[in-house]
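>>> next one to model:
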Amino acid sequence: MILNYGGEMSSFKVAVFDLDGTILDTLEDLADSLNEALTRFRYPEASLQEVRARVGNGLRKLVERSVPEECPEQEIERIRECLAEVYQRRCCEKTKPYPGIPEAFRRLHEEGVKVAVVSNKIDSAVRMLCETYFPGQIDYCAGEQVGVRKKPCPDMVDNALEALQAGKENTVYVGDSEVDIVTSKNAGLKSIIVTWGFRDKPHLQKAGAEQTADTVQEMLDEILHPAAACTIKPEVSPASKGEG
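All right, here's what the predicted structure looks like:
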C-alpha cells in the first residue's frame, strides 16, 4: 500500500489509539478464545457477529454478555479467568494489523508524532500484541491494570499522556466504537473514529462520532493536517452513500 502525504508538520504531537478494531483485527482470536472458555463451562458458543457486538469493555463484560442473565457472579469470574488464560495463548493465531497501519505508524514517527495504545484488554496481551505486530513503533502501551479504571473512564488516556509528557491540546484519540467516542470526550480530547473496525458508520454517527475516517489515508490526513482535513472534507450523510 502506497500512502501519500504533504510536507507540513502536524499540530498533534501525540496520537492515542485504541487496539481492537482500530489498529488490529483481533475479532477471530477473541471469538475462538471466548468459545473455548464457554465450552469448558458448558455454555453455548457465540457467533462472530455476536462477539463483534459484545467487545469493547473488557473481558468480564464480554463474558457477562455471552452467558445467561441468571449466571452467578462467581461463575462469570471463573469464565473470565479461563478466557484470560486462553486468550493469552491464542491471541496471535489469526490476529493481523489492518492494512496500512504499520506504514501509518512509521509516517507518524517521521512527522514527530508519538504513538500510544490504550485498551481494555488485559495488559500482558496488549504488550504482547504491540511488540509482535508493531515492534519499535509504539511509544507507550497499556491494558487493563489493577487500580486503573477502564475506558470509557479517562484514566488510561491520562496515564499515557503523563508518561509521554504530553498536553491534551496537542493530542488526538483514535478509536472504532461507542466506548472510544465516550472515552475521548471524558478525556477532553479531539477524536477520530474509524469505520473499518467492529462498528459500522451509521452506528458510530448515531453514537455521537463527530469526525470519522473511512480509510487509513483519511485518518492520517486528519492527524497530520487537521485544519486542512476539517476544511476540505465534506460532510457525507449515510443516505448519500447508500448506507442505512
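>>> use CA for all of it now, contacts and neighbours both
Will do.
>>> which of the helices or strands spans the closest residue to Glu93 other than its chain neighbours?
Computed as Cα to Cα, 6 or more residues apart in numbering, the closest residue to Glu93 that is not its neighbour in sequence is Asp29, at 6.5 Å. Asp29 belongs to helix 27-40 when elements are defined using DSSP states H and E.
>>> for that helix, packing partners?
Applying 3 or more Cα pairs under 8 Å, 6 or more residues apart in numbering; DSSP states H and E, we find helix 27-40 packed against helix 48-54, helix 73-90.
>>> quick check: buried residues in it?
27-38 (16 or more other Cα atoms under 10 Å).
>>> and of those, the nearest to Glu103?
Leu27 (21.7 Å; Cα to Cα).
>>> now the one helix or strand Phe105 maps to - C-alpha only, PDB.
Following DSSP H and E, one finds Phe105 within helix 101-110. Output in PDB follows, covering the C-alpha atoms of helix 101-110 (Å, rounded to 0.1, in the frame of the first residue of the first chain):
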ATOM      1  CA  ILE A 101      -1.400   0.700   9.900                       C
ATOM      2  CA  PRO A 102       2.300  -0.200  10.300                       C
ATOM      3  CA  GLU A 103       3.100   2.200   7.500                       C
ATOM      4  CA  ALA A 104       1.000   4.900   9.200                       C
ATOM      5  CA  PHE A 105       2.900   4.400  12.500                       C
ATOM      6  CA  ARG A 106       6.200   4.800  10.700                       C
ATOM      7  CA  ARG A 107       4.900   8.000   9.000                       C
ATOM      8  CA  LEU A 108       3.700   9.500  12.200                       C
ATOM      9  CA  HIS A 109       7.100   9.000  13.800                       C
ATOM     10  CA  GLU A 110       8.700  10.600  10.800                       C
END
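>>> now the host helix or strand of Tyr173: how far from the chain's centre is it?
Following DSSP H and E, one finds Tyr173 within strand 171-175. Distance, stretch centre to chain centre, for strand 171-175: 10 Å (Cα atoms, centre = their mean, to the nearest Å).
>>> quickly run through the sheet partners of it, with directions.
strand 14-17 (parallel), strand 190-194 (parallel) (DSSP bridges).
>>> I'd like the ones you listed as CSV, with mean pLDDT appended.
What follows is the strands paired with strand 171-175, written out as CSV (pLDDT from 0 to 100):
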stretch, mean pLDDT
strand 14-17, 98
strand 190-194, 97
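>>> between the ones you listed, which gets nearest to Leu164?
Among the strands paired with strand 171-175, the nearest to Leu164 by Cα to Cα is strand 14-17 (8.3 Å).
>>> could you point out which element follows that closest one?
Following strand 14-17 in sequence, per DSSP H and E, is strand 24-25.
>>> what is that following strand packed up against?
Against strand 24-25 (3+ Cα pairs under 8 Å, 6+ apart) you get strand 96-97.
>>> so how far does stretch 163-178 reach from one end to the other?
26 Å (Cα to Cα, to the nearest Å).
>>> use 40 as the first number for this chain going forward.
I'll keep to 40 as the first residue from here, and by that count the last item is stretch 202-217.
>>> list the buried ones in that stretch?
Buried residues in stretch 202-217, counting neighbours by 16+ other Cα under 10 Å, are found at 207, 210-217.
>>> swap in stretch 174-181?
Buried, per 16+ other Cα under 10 Å, within stretch 174-181: 176-177, 179-181.
>>> contacts for that stretch, please.
The contact list for stretch 174-181 (Cα atoms under 8 Å, 6 or more residues apart in numbering) reads 141, 144-145, 148, 153-158, 162, 165-166, 169, 195, 199, 202-203.
>>> sorry, back to before: avg pLDDT for the strand holding Tyr212?
Across strand 210-214, pLDDT averages out at 98.
>>> quick check: buried residues in the helix or strand following it?
Later in the chain than strand 210-214, the nearest helix or strand by DSSP H and E is helix 217-226. Within helix 217-226, the residues scored as buried using 16+ other Cα under 10 Å are 217-223, 226.
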